[in-house]
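Enquirer: This is a predicted model, with the sequence first.
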Amino acid sequence: MKYGYFPGCSLKGTGRAYEESLLPVMQHLGIEMRELDDWSCCGATAYMAVDEGKACALAARNLAIAEQEGHAQLMAPCSACYLVLNKTQHYMAEYGAMKRLVDKALGSVNLRVTRPTPVRHPLDVLLNDVGLEAVKQKVTHPLKGLKVAPYYGCQIVRPYSTFDDQADPQTMDRLLESLGATVVDWPLKTKCCGGSLTGTLPKAGLRLAYILLKEARKRGADVIATVCPLCQFNLDGYHDKIAARWEPVRIPTVYFSQLMGLAFGLPAGRLGLQRGFVPMKPLAAVTAA
Amino acid sequence: MSKEWKPRLVAFFCNWCTYTAADLAGVSRLKYAPNVRVIRLMCSGRIDPQFILEALTKGADGVLIGGCHPNDCHYVEGNYKMLRRFQLLKRMLGDMGIEPERVRLEWISAAEGEKVRRVVNEMTEQIANLGPLGMPGRFAEWDREVESLAAQIEAREGGGCGCGSSGAETAEKEVAHV
Amino acid sequence: MFEIQRTIKYEADRVPGFGREVMGVPGCEKLKDCIQCGTCSGVCPLSIYMDYTPRQVMALTREDFKREVLGSHTIWLCASCYACAVECPREIRITDIMYELKQRAIHEGVYPRRFPIPVLAQEFTKMVHDHGRVSEGLLVTKLFLKTNPLAALGMAKLGMGLMKTGRFSVKQENIKRRAELAKIVETVDQENLKGKA
Amino acid sequence: MSKPKVAFYWCASCGGCEETVVDLAEDILGVVEKVDICLWPVAMDFKYKDIEAMADKSIVATLLNGAIRTSEQEELAVLLRRKSQYLIAYGACAQLGGIPALANQFPREQILRFNYEECPALDNPGKVRPQVSLQDNGRNPHLPEFRNVVRTLDQVVDVDYYIPGCPPTPALTRAAFDALLSGNLPPKGSVIAPDVALCDECDRKATKPTNVAFTEFVRPHQKLADPELCFLAQGMVCMGPATRSGCGAACTSGNMPCTGCFGPTSRVRDQGAKILSSLCANIEAKDEAGINETLRGIPDPVGTFYRYGLAKSLLRRRVDLNMTGGGH
Amino acid sequence: MAKQEQEVRIGFYVCHCGTNIAAMVDCPEVAQFVGTLPGVVLSKDYKYMCSDPGQELIQQDIREHRLNRVVVASCSPLLHEPTFRSATEKGGLNQFYFHMVNIREHDSWVHTDRAEATSKAKALAQAAVHRVAHHKPLETKRVSINPTTLVVGAGIAGIHAAMTIANSGKKVILVEREPTIGGHMAKFDKTFPTLDCAACILTPKMSDVGSHENIQVLSYSEVTKVDGFVGNYTVTVKRKPRYIDEEACIGCQDCIPACVFKQPKFADEFNEGLGKRRPVYIPFPQATPQIVAIDPNTCLNFKKGEDGGRVVSDKCKKTCVEACGDKNAIDFTQVERIEEYEVGSVIVATGFQTFDARRAPAYGYGRFPNVYTSLEIERLVNASGPTGGHVVMRDGKSEPRSVGIIHCVGSRDKKTNVWCSRVCCMYSMKLAHLLKEHTGAEIYNFYIDVRTPGKGYEEFYNKLLDEGVHFIRGRVGEVTDWAMTPDEEGKLVIRVEDTLAGYVRRIPVDMVVLATGLEPQQDAQDVRRMFNMSCGSEGFFLERHPKLAPVNTFNDGIYIAGACQGPKDIPDTVAQAGAAAAEVLALIDKGFVEQEPNTAFILEDECSGCKSCIPLCPYTAILFDEGKGRAYINEALCKGCGTCVGSCPSGSIVQNLFDDEEIFSEIEGVLAYE
């Protein structure tokens, strides 16, 4: 299985642990991921707020590159990238004017989008292309006894996702189960983590992160698993501030890919686990507790 | 054609589904292109391919056929009979140089007023892009070569035998079979 | 003592055509279908901080209260979680309407000046435009310097932590074909101008 | 009193119709006894001048066979129309366009190019084509012009009666003469043949089941036909149901399906459309893919359904051909 | 073919329909244009052609101007063709010398350019003028009506319709697919706004039906096939086995407690699964007919072996058979039976189903035990319900101290059903009242709009306001079980914008009631096909005209009543059932119907006997005369689709009203105007 790979800016910055764990895990499963040459920022949520046309054109540049490089499918692990690339395709399909604008803009630099390149999330790929059976076969160190709260966040289930349920997504739950972990049932799987508001408007943004952490702890989770660099950052990076404002709710937040790496027996030191603020206890410790 | 050309579509709608849907579009005040003229039949199964050809030769730029959805025919399966005819007719019309977009079959149930609007608008636009079929004009153009001869004969009435020659005008117009 | 405020709205307070203009933008068409049920506010995680609830923004926009809408905090509080858009019984893409309103607010220069969110959006955009990618460390640094240098101090500890875990860098990431990007942006600008002409 | 004058003339035709006249056999003597054949180019020498010299309406009946493709044929049609009391389209080509009218699917240029340049059996290194007019050593010979469209006789001049068939049968021809000579004539425009479809006189009619549902169509060369069973029951396209009777079911008796040379009944405007309607409606499949699969057995619907009738069909000619020789 | 024996003299009328047509079509111009067409003797425009003076105008002109053809350009022929045909006939002409042009639904109402719309009207009028010249005089055929009526569905609509017809002395066959008649209404506790008990008003009616000499109740049965046409339908009914001999069972119910299952164990459908029943059961005490049923899915006697074969469990002691004793009513060998009935008309009253609350996942139905549907609450507050009317939550003991009722669940929502279900506001308030009455709880209603258009309904709303029930205008965003504050712990939390107060609120409650909407029955499409009806886009059966023919369908002799036509409350359902019964009785009393003479016939001398048409007829109306070697059509069986006509390869079949000449001239006419 081969996919074009669109990392996005965060996976090269604050979210580098995501990339550091995802690439070896995918490789371990025999999946080839080729990073797009000279990709540019997807535009995230901020660009849409400034100019929709440009946002689409810039995102479409990456789709054009993917097409040029002959990728049948494009994998976008970051939730914002996943959403923006999908949204761009929707807009181009739905609005003739937008398509003409984007075509014109890309045409000015000899780029072209002629067909939709499916934009896939790693969870979608793991569940539907690889299959849980194949994942299970690679598990050498089952996460027995580890209680994980799967946290999907907003943008991979809303509004364009087709691979999971919008209200009660299940893909990560089932993936974690196949790793041997115990999945904590909690109602906040898809609630907002605060997004960029944690930095710009902490009073509002951090409260959302706090609610998530508090509820995860209340439901007995050892760790929260995420799929998004911003969610991971928000849940992991502000414990001091949350403690100062409300109460301490320290609970580690890791990428699902890091948990997969652990279950596959990949060296823990090479999964970016050292990059979290709240360290995850060694598995043995959890299991013993 | 002195006036600006606008597509003219003839539609054959079955009484129970598509005609009723067109009524519903009216009752719902949905707006669509005024280019289609509907002829009501009891069932799409009644639609004789001759009707479609006749409409085209009499000046329609396109023909729309509307029937009940599969399994929904008021007469059990008249719509299937139309579908079967349509499949071959479409191919045959293609062989005769008529673009496939000019003849369209749609299943439109009594509840689908909105679909009437969409289909009529789509088809009007498609045919506007194709341009006129203009069969009456083509017939007239084809027949001009015969009329010119009749005129020549008239002109030299009483003269010597012109058989085997087409006269100076033709020779001028067309010197050789090139 | 309390201050009293006049809350009546006169017709002159409206900017006729504003609502229709917004509804003409791709993604915003369905605003006209709003029945003011409040589901958007009910599911919005940030509605509790808003001066107008999302529902009210919909009503105000449709009724052409341009100044009130573009000047509201609401549009800047939207975190793009799309919960409203997904739950709306009229399938109104509220998130996209919020984007449109943000764009207009920036365009008209009516956003709160030292309010970090619009500044972030603009800085973000500028960085993407100039370099093709976002370098988060640099972006955040710039943001705080522009809006609230004092708050940056409060963030210092976080920055240090990030640096320690190898996640913070002020090095600017660049793509190779920056001219290509500039040309795309320029073409969109030209087309937009044409559209307005 | 002199015997009534009768003329035979041929235009774009194969000569088969003339054979029918010959096939009247000894009956031709009976005809000759009663009439005076004033023009019959296949059998007798004549000059155009001779006809032109005749008084208008001096010929009682002209039986003209062949379609109209050249300017010469048009002129003769006009001339004979004027000289004749009754002009009779004799045979499928004059009535419907016939086999020559299949050329209406192609542009004139393509036809000429093939015949004078590309035909593999051709030896024409100079790619010389016939000229309408030529200046050569003071001579100025003319040739008829090859028209863009193949026409039926009645698309050129007014026609009184039609005798159908490719070729017409001696019996119908005789019947026509009898009617002419007795003055017991049907209404103008009539086709001198029964107005019922061929099945009426086909021996195989009884073998057609009442529940035919086509799952495939086969062509005569693909299958050895059962000599007694209705062709349609064997999945072979037979034009009989859409074709006039009067031939005595000659083809089906000879174990070949009807190809439609007698043309449609008076109630039908387009023979091809009608047989299409009937055959297709009786296909078994209900979904597009299945229907199209069945219809693969009819690879050339125009050639199959309009083998004789293209010029007379509602569309007449491939519609995207223009009049300057070009086309698709 | 048919010779025009006399000169054609056409009268043309174009109707303004007030401004409905005249606003978009220049009627005088159309009249002026048509007046110039050959054969048209007079051409007029008039304000309302369908009015008495309009019809009188036609009659007068026929007489004065010796018109022999009439064309009216107005609305859809589906609406007023009978009106103008009758006017033509009253003027002394055969009614089929009339033709109608639709320039309202197909023109003025759907176009926006007056010049274009006027051109189109002219083209359509010209087509009709060309066509009508070829019209022939035709006679309608009378078909007698079988006076027996089939009523499908025995909810309140079917029951009321059946009773009305039966009381007039006509026979009714009432088919119900459940083991008992009564439908949804039998499950309700009280009815709004009067709060009279549903059982008190319904069950006497049910037993009347059960014992009525003119009504044959076929319970636990389904209609599977319908053949024929108005006045003469043959209906096939599947009688599902209830493993009880209906003749022998006297309704003593001794078998029920005798069952080897000492305690009721299986989910009780009638109580929405809130109660339990045994494999042998009667749905509820007043069930009609009073006959038990055995559920083969739970009865040990029907236990399936590993290979799917029937293995009678040795645990089944057949104690029920023993208890039944000499009556011998229990028959485990019963199998499905197919029966046929001849009827003249049909009333379809198949009702509705409630929206599946799981399709609105934000409200947690199925995830949180104390989220209920409204129908469950109906049973819970019902004195004959599973708890005897004691409102306790799923734990079986605690009473709710606060209840949130969420309106519009599965209604007014583009993601599920777009329509307003009409009854939910009222039943939500009824349940609010009953819950308050039973428990004294705080009740919160969450609504988008309160809709109380009905006699006494607004007063009921006022009464609820008096009772102190909360009304919060806002569609609930979500129901969750996570707490933000101590008083939310252990509760269901409703997050909603109180749109009138202008605040987002979190309201903790013990119980949530979802006011689920009404939607078409799952198999409505199959039923529609069977009876040859149409459905609206939402899937409810389509009436012939929303105002003028609300219980008729497009299929003559088939009528609809109740919520299968659209959501409605009990008073409206009963009114509609009465209307449908009246239509049926009118039909029966008239004794015959006139059939549209659009049948086909074969020209005997011209048919070649090719048999191409025979397999095409879905009604086997085409037969082959071996002696003559020709096909012929049995006119009584022909329904006039014209498929054979379009397919006859030698053009030897003619359809009345739609013959080739008429259609060809219509095509030519419609294209003759540029």
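Expert: It's in. Numbers count the residues shown, from 1 in each chain, chains lettered A, B, ... in the order given.

Enquirer: use CA for all of it now, contacts and neighbours both
Expert: Fine.

Enquirer: who are the neighbours in contact with residue D:291?
Expert: B:84, B:87, D:283, D:284, D:285 (Cα atoms under 8 Å, 6 or more residues apart in numbering or on different chains).

Enquirer: Just the ones of those residues in helices?
Expert: Using DSSP state H, the members of these that fall in helices are B:84, B:87.

Enquirer: Go through the contacts of residue D:291 and say which is closest to chain C.
Expert: Comparing these against chain C with Cα to the nearest Cα places residue B:87 closest, at 38.5 Å.

Enquirer: What is the neighbour count of the closest one?
Expert: Residues lying near residue B:87 (other Cα atoms under 10 Å in any protein chain shown) number 17.

Enquirer: pLDDT value on it, please?
Expert: pLDDT recorded at residue B:87 is 97.

Enquirer: coming back round to it: and the contacts of residue D:291, which two are the farthest apart?
Expert: Between any two of these, the greatest separation by Cα to Cα is 13.5 Å, found for B:87 and D:284.

Enquirer: now the helices for the chain?
Expert: Reading this off chain A. Going by DSSP H, chain A shows helices at A:16-28, A:44-48, A:52-68, A:79-94, A:96-107, A:122-124, A:132-138, A:171-178, A:197-200, A:202-218, A:229-237, A:239-245, A:256-264, A:283-288.

Enquirer: Can you look at chain C instead?
Expert: C:18-23, C:39-43, C:54-62, C:66-70, C:74-77, C:83-87, C:94-108, C:116-131, C:136-147, C:149-164, C:178-196.

Enquirer: Select, out of the ones you listed, the one closest to residue A:171.
Expert: Closest among the helices of chain C, using Cα to Cα: helix C:83-87, at 19.2 Å.

Enquirer: May I see the buried residues of stretch E:530-543?
Expert: Within stretch E:530-543, the residues that qualify as buried by neighbour count (16 or more other Cα atoms under 10 Å in any protein chain shown) are E:531, E:532, E:533, E:534, E:535, E:539, E:540, E:541, E:542, E:543.

Enquirer: May I see the residues you listed organised as CSV, with secondary structure and distance to residue E:281 added?
Expert: Below are those laid out as CSV (DSSP: H, G, I helix; E, B strand; the rest coil; distance: Cα to Cα, whole Å):
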residue, secondary structure, distance to residue E:281
E:531, coil, 33
E:532, coil, 36
E:533, coil, 36
E:534, coil, 37
E:535, strand, 36
E:539, coil, 34
E:540, coil, 33
E:541, strand, 33
E:542, coil, 37
E:543, coil, 38
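
Enquirer: How about the residues of the stretch 1-150 of chain D by chain B?
Expert: D:48-49, D:52, D:71-72, D:74-76, D:105, D:109, D:112, D:129-133, D:141-149 (Cα under 8 Å from any Cα of the partner chain).

Enquirer: Show me those residues that map onto helices.
Expert: D:48, D:49, D:52, D:71, D:72, D:74, D:75, D:76, D:109, D:112.

Enquirer: thought the third one was touching residue D:79?
Expert: Yes - look at residue D:52 against residue D:79 with Cα atoms under 8 Å: they come within range, at 7.3 Å.

Enquirer: Residue D:140 - how many residues pack around it?
Expert: Using other Cα under 10 Å, residue D:140 has 10 neighbouring residues.

Enquirer: Next: residue C:161.
Expert: Neighbours of residue C:161 (other Cα under 10 Å): 17.

Enquirer: ditto for residue D:55
Expert: 11.

Enquirer: Which strand or helix spans it?
Expert: Assigned by DSSP states H and E, residue D:55 belongs to no helix or strand.

Enquirer: Could you report the distance from the closest residue in space to it that isn't next to it in sequence to residue D:59?
Expert: Nearest in space to residue D:55, with sequence neighbours left out and distances taken as Cα to Cα, 6 or more residues apart in numbering or on different chains, is residue D:83 at 6.5 Å. Separation of residue D:83 from residue D:59 (Cα to Cα, to the nearest Å) stands at 6 Å.

Enquirer: give the contact list for residue B:58.
Expert: B:135, B:136, E:667, E:668, E:671, E:672.

Enquirer: Look at it and report its pLDDT.
Expert: Among the per-residue scores, residue B:58 holds a pLDDT of 96.

Enquirer: Could you do residue E:635 as well?
Expert: So, for residue E:635, pLDDT stands at 87.

Enquirer: try the one 5 residues further on
Expert: Reading off the per-residue confidence, residue E:640 sits at a pLDDT of 93.

Enquirer: For the nearest residue to residue C:130 once chain neighbours are set aside, give me its contacts.
Expert: With Cα to Cα, 6+ apart as the measure, residue C:178 is the residue that lies nearest to residue C:130, at 7.2 Å, once sequence neighbours are left out. Under the criterion of Cα under 8 Å, 6+ apart, the neighbours of residue C:178 are C:130, C:131, C:132.

Enquirer: Equivalent analysis for residue D:36, please.
Expert: D:3, D:4, D:5, D:6.

Enquirer: Need the nearest residue in space to residue 82, chain neighbours excluded.
Expert: Reading this off chain A. Leaving out its chain neighbours, the residue that sits closest to residue A:82 by Cα to Cα, 6+ apart is residue A:76, at 5.2 Å.

Enquirer: Oops, wrong one, chain D.
Expert: residue D:56 (5.6 Å).

Enquirer: Buried residues, the helix or strand of chain D with the lowest mean pLDDT. List them.
Expert: When the helices and strands of chain D are scored by mean pLDDT, DSSP states H and E, helix D:27-34 comes last with a mean of 76. Across helix D:27-34, burial judged by 16+ other Cα under 10 Å covers D:31, D:34.
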